[in-house]
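> need a structure here:
(chains A and B)
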There are 2 protein chains.
Amino acid sequence: MDMPLPLTEQDADALIGDMGRRARDAARVLAGAPTARKAEALRGSAALLRERSAPILSANAADMARADASGMTAAMKDRLQLDEERLEGVASALEAVAGLDDPVGGLVDERTRPNGLVLRRVRVPLGVVGIIYESRPNVTADAGALALMAGNAAVLRGGSEARASNAAIHAALADGIEGAGLPRDAVQMIPTTDRAAVGALLRAQGLVDIIVPRGGKGLVARVQDEARVPVLAHLDGINHSFVHASADKSMAEAIVVNAKLRRTGVCGATETLLIDRTYPHGAALVAALADAGCVLRGDAEAQVLDPRITAASDEDWDTEYLDAICSVRIVGGVDGAIAHIAAHASHHTDAIIAEDEAAAARFLGEVDSAIVMWNASTQFADGGEFGLGAEIGISTGRLHARGPVALEGLTTYKWQVLGTGQIRP
Amino acid sequence: MDMPLPLTEQDADALIGDMGRRARDAARVLAGAPTARKAEALRGSAALLRERSAPILSANAADMARADASGMTAAMKDRLQLDEERLEGVASALEAVAGLDDPVGGLVDERTRPNGLVLRRVRVPLGVVGIIYESRPNVTADAGALALMAGNAAVLRGGSEARASNAAIHAALADGIEGAGLPRDAVQMIPTTDRAAVGALLRAQGLVDIIVPRGGKGLVARVQDEARVPVLAHLDGINHSFVHASADKSMAEAIVVNAKLRRTGVCGATETLLIDRTYPHGAALVAALADAGCVLRGDAEAQVLDPRITAASDEDWDTEYLDAICSVRIVGGVDGAIAHIAAHASHHTDAIIAEDEAAAARFLGEVDSAIVMWNASTQFADGGEFGLGAEIGISTGRLHARGPVALEGLTTYKWQVLGTGQIRP
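Numbering: from 1, shown residues only, chains lettered A, B, ... in the order given. Sure thing, here's the model as predicted:
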């Protein structure tokens, strides 16, 4: 499956150039493909994944055997491993995407000018989406499906550790697409895991319209650093839950424990708890976290609340633990919370727990993050929970799309101007 | 006004770093500034421009004297020169921006989830906008005003040839902003024309959210090539007018002559005329252009239509003349037009002239340009003509904003999630 290694930069550019041109041609067809045709392609792919579960699982077993031999960590192996149930999950996720509303062709807005020109903005696909990911082979299907359903061609580059699994899943996807009469090149997989190909993809301006990195911090940082193509990504989720003086005691405890501990490894997990200096139940709040098994690191004022809170260092305020660890700081009201967040947040998701509506309105208005929440757990930061059906990622950038990105975020618009012979004076 | 030259890369980064941080602080205030306050700032700036017309025009005279001494071309000097009337135009443009609808705070959409969470997308400013421009001193006011009205802070970098004019106009703008109680740092001008500062601005990721280059192809190309910050720009306007077999003879002639010749130097001017092979009035059409003084370069089939058409080279199809020159090609129906445009367009503005609605619908659907037109002159490609009030530029990129970009294009959104204590299961 792999091309002979190593690839020169020139070879890599030639490979990506050829794939990019074929993707552009496919994208032209996909842009006009009816919703039903795209859905049929995804349903067909799902059926093929089920039909081929034995060979796909045996490809995955080969990846797992290599993983064992290379001494991969248990957590990474868990991400890599497929079984019947997980594969069924991949197939039904394709069917779920097939059932989503198709944004393509939707009218964004329309206006008529005094000279009679009618101006419409109409949703169209972005074009060619490059997706770079690690370990989890389900991304091959998920990301490819989302790109396709929004009318885009996709160029996928999975991790070398999952190459057999990815190739098997990709083949089912491509066969399903072809079976529905759409171009097989709609979803291509880079046929080498040589890193030079990633470099070529990242500089393929004009061939690739957007790059979505899905993986750990190292991958995302490399992509953001090297890419000349626009990137849709988030590097960190340093999220805050702020308990205002007016917060309801039991609501605050339930939300904070959930926000921090429901799953500690997700990007929407709270990393820092901010407590209003005049909130009367601070001790009970931190005790709820500590009792639930959370390690707490606080400033001097917070440490007074509970002996289990050790001293936080400056670094703690800028750390995404992704673990059962929480930094705790006492702040002065909404202003103190906003100031701390402005200095330390990664602009992902930040929440206020408060009964005072004016305090909540200020927080929602002034905290400059992709997602701001009032009386809810930051763990809701997820495209599925937002009702978007699925997500290709959560963007902490400011341009184009912010927060959970699903089908609409994989489209753009064009202006259609309808005249009756107007010329410009 | 200028700092001692030359600036080291380190000095430039320090300078831009400091300006960027002050811009970010100002942006935080502007994000919450009421519409009336921003409008007051712009009206106050307009009044100051009028009050200070004598010193501003004498600053401009100093720039003009240097331009004379350096042997600047007449066209460039025309762009640089101000007079009472042009300065009044700059002032009234500020007042026009002050009267535009403020996009900030607008509700993009809202949904309620089965668990009761209310999700709203609300328009917020982009943040900090970097604007790099040449010659025309009015851009100092125009671009600064648009950025401000959309709630952004701006960092301006004008051309060295206009530095005295720009400084005088910028001072009026900053004084007007301060006079309305908004931070003076809302619109800053880089206090040196050393090119190292441009480089620092282009790599100021995290400090500057978007760069808008306004100027010639050389400037835009350099910005697109070097920038690590996202760029909103167009490099070329290789626009097509396609006359379909069904086109009305007199409408086609009026539109094509206007699209090509009304003003040949604007980015919305048509550069290539595509004529359907079965359009019966091709000779009259090209004669109308030639009679109006247009130089015509055509393929072999087009040359048959009129002896004044000389042979086009391959290069002509990819050339933005910005002059009274037009390339002419005979194509086979809508398919031929779409194929030529896919191969040669710069994705700016392309038009079809046709009575056949099905042909027009195919063209509008399948031509992948920021603006597609039916029975109208491509010269309408302009934010003012689109009813946007003003434009900061026309984007030929696919992400974030396409076509004319005005206030809305200088905003993004955030998600506000309103709960009543929901935690994620």
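
> chain B versus residue A:343, what's the distance?
Residue A:343 is 11 Å from chain B, where distance means C-beta to the nearest C-beta, to the nearest Å. For glycine as for every other residue, the C-beta is placed from the backbone atoms N, C-alpha and C.

> next, count neighbours for that residue.
9 (other C-beta atoms under 10 Å in any protein chain shown).

> dump the residue contacts of the nearest residue to it once chain neighbours are set aside.
Spatial nearest neighbour of residue A:343, chain neighbours left out: residue A:317 (7.7 Å); criterion: C-beta to C-beta, 6 or more residues apart in numbering or on different chains. Counting by C-beta atoms under 8 Å, 6 or more residues apart in numbering or on different chains, residue A:317 touches A:272, A:327, A:329, A:340, A:343-344.

> per-domain residue ranges of chain A.
Domain assignment for chain A by automatic domain parsing gives A:9-234+A:406-415, A:239-380.

> could these go into CSV alongside mean pLDDT?
Formatted as CSV, the domains of chain A follow (pLDDT from 0 to 100):
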stretch, mean pLDDT
domain A:9-234+A:406-415, 95
domain A:239-380, 97
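
> turn those domains into JSON lines, columns for distance to residue B:81.
Listed next are these as JSON lines, based on distance: least, C-beta to C-beta, whole Å:
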{"stretch": "domain A:9-234+A:406-415", "distance to residue B:81": "31"}
{"stretch": "domain A:239-380", "distance to residue B:81": "41"}
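
> neighbours of the spatially closest residue to residue A:396 that is not a sequence neighbour, how many?
Excluding its sequence neighbours, the residue lying closest to residue A:396 (C-beta to C-beta, 6+ apart) is residue A:234, at 3.8 Å. A total of 23 residues lie near residue A:234 under the criterion other C-beta under 10 Å.

> figure out the helix or strand that residue A:368 lives in.
Under DSSP states H and E, no helix or strand contains residue A:368.

> what's the neighbour count on it?
Neighbour number of residue A:368 under other C-beta under 10 Å is 21.

> list the contacts for it?
Applying C-beta under 8 Å, 6+ apart, the residues near residue A:368 are A:342, A:347, B:28, B:31, B:124, B:127, B:414.

> phi and psi next, for it.
phi -100, psi 70 (degrees, to the nearest 10).

> of the domains of chain A, which is nearest residue B:366?
Set against residue B:366 and scored by C-beta to C-beta, these come closest in domain A:9-234+A:406-415, at 6.3 Å.

> would you mind listing what in the stretch 251-400 of chain A touches chain B?
A:251, A:254-255, A:258-259, A:262, A:342, A:351, A:364-366, A:368-377, A:379-380, A:385-387, A:398-400 (C-beta under 8 Å from any C-beta of the partner chain).

> filter these down to the ones in helices?
A:251, A:254-255, A:258-259, A:342, A:364-366 (DSSP state H).

> neighbour count for those - can I get that in CSV?
Formatted as CSV, these follow (neighbours: other C-beta atoms under 10 Å in any protein chain shown):
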residue, neighbour count
A:251, 20
A:254, 17
A:255, 28
A:258, 23
A:259, 30
A:342, 16
A:364, 20
A:365, 17
A:366, 18
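
> quick check, nearest of these to residue B:293?
residue A:365 (57.0 Å).

> measure the residue lying closest to that closest one once chain neighbours are set aside to residue B:103 for me?
Nearest non-adjacent residue to residue A:365, counting by C-beta to C-beta, 6+ apart: residue B:32, 6.4 Å away. Using C-beta to C-beta, to the nearest Å, we find residue B:32 at a distance of 14 Å from residue B:103.

> of these two, who's got more company?
Higher neighbour count among residue B:32 and residue B:103: residue B:103, with 21 against 15, using other C-beta under 10 Å.

> got the residues of the stretch 51-200 of chain A near chain B?
A:111, A:113, A:117, A:119, A:124, A:126-127.

> show me where the stretch 301-425 of chain A has strands.
A:309-311, A:325-331, A:349-353, A:371-376, A:393-395, A:403-405, A:411-422 (DSSP state E, counting those that start in this stretch).

> OK, contacts around the residue lying closest to residue A:104 once chain neighbours are set aside?
Computed as C-beta to C-beta, 6+ apart, the closest residue to residue A:104 that is not its neighbour in sequence is residue A:151, at 4.5 Å. Residue A:151 makes contacts with A:27, A:30-31, A:33, A:38, A:102, A:104, A:124-125, A:411, as judged by C-beta under 8 Å, 6+ apart.

> which SS state does residue A:151 fall under?
Look at residue A:151: counting by DSSP: H, G, I helix; E, B strand; the rest coil, its state is coil.

> what's the neighbour count on residue A:332?
The tally of other residues near residue A:332 (other C-beta under 10 Å) stands at 12.

> separation between it and chain B?
18 Å.

> quick check: that residue vs residue B:114, distance?
With C-beta to C-beta as the criterion, residue A:332 and residue B:114 are 37 Å apart.

> which SS state does residue A:68 fall under?
Going by three-state DSSP: residue A:68 is helix.

> give me the nearest residue to it, chain neighbours excluded.
residue A:77 (7.7 Å).

> ok, how many other residues are close to the one you found?
So residue A:77, with other C-beta under 10 Å, has 15 neighbours.

> next one: residue A:248
17.

> next one: residue A:272
27.

> and residue A:265, which of the three is it?
Under three-state DSSP, residue A:265 comes out as coil.

> touching, it and residue A:321? I think so.
No: the criterion here is C-beta atoms under 8 Å, and residue A:265 misses it with residue A:321 at 9.6 Å.

> look at the two and report which has more neighbours.
Shown here are residue A:265 and residue A:321; by other C-beta under 10 Å, residue A:321 has more neighbours (20 against 10).

> now do the contacts for that one.
A:264, A:271.

> what's residue A:241 sitting at in phi/psi?
phi -110, psi 120.

> partners of the residue lying closest to it once chain neighbours are set aside in the sheet?
Nearest residue to residue A:241, sequence neighbours excluded (C-beta to C-beta, 6+ apart): residue A:270, at 4.5 Å. Counting by DSSP bridges, residue A:270 is bridged to residue A:239.

> ok, residue A:270 touching residue A:240?
Yes: Residue A:270 lies in contact with residue A:240 (C-beta under 8 Å); the separation is 6.7 Å.

> joint contacts of those two?
In contact with both residue A:270 and residue A:240: residue A:351, using C-beta under 8 Å, 6+ apart.

> neighbour count winner among those two?
residue A:270 (31 against 28).

> contact partners for that one?
Contacts of residue A:270 by C-beta under 8 Å, 6+ apart are A:239-241, A:256, A:259-260, A:326, A:351, A:378-379.

> residue B:104 versus that one, what's the distance?
From residue A:270 to residue B:104 the distance is 28 Å (C-beta to C-beta).

> do residue A:212 as well
28 Å.

> just residue A:307 next, same as before
47 Å.

> can you count the residues close to residue A:191?
15.

> doesn't it belong to a strand?
No: Residue A:191: not assigned to a strand; according to three-state DSSP it is coil.

> buried ones in stretch A:255-271?
Neighbour counts over stretch A:255-271 (16 or more other C-beta atoms under 10 Å in any protein chain shown) mark A:255-262, A:264, A:267-271 as buried.

> which elements pack onto the strand or helix carrying residue A:168?
Here residue A:168 sits within helix A:163-179, counting by DSSP H and E. Taking 3 or more C-beta pairs under 8 Å, 6 or more residues apart in numbering or on different chains; DSSP states H and E as contact, the helices and strands that helix A:163-179 lies on are helix A:35-51, helix A:53-69, helix A:138-149, strand A:187-189.
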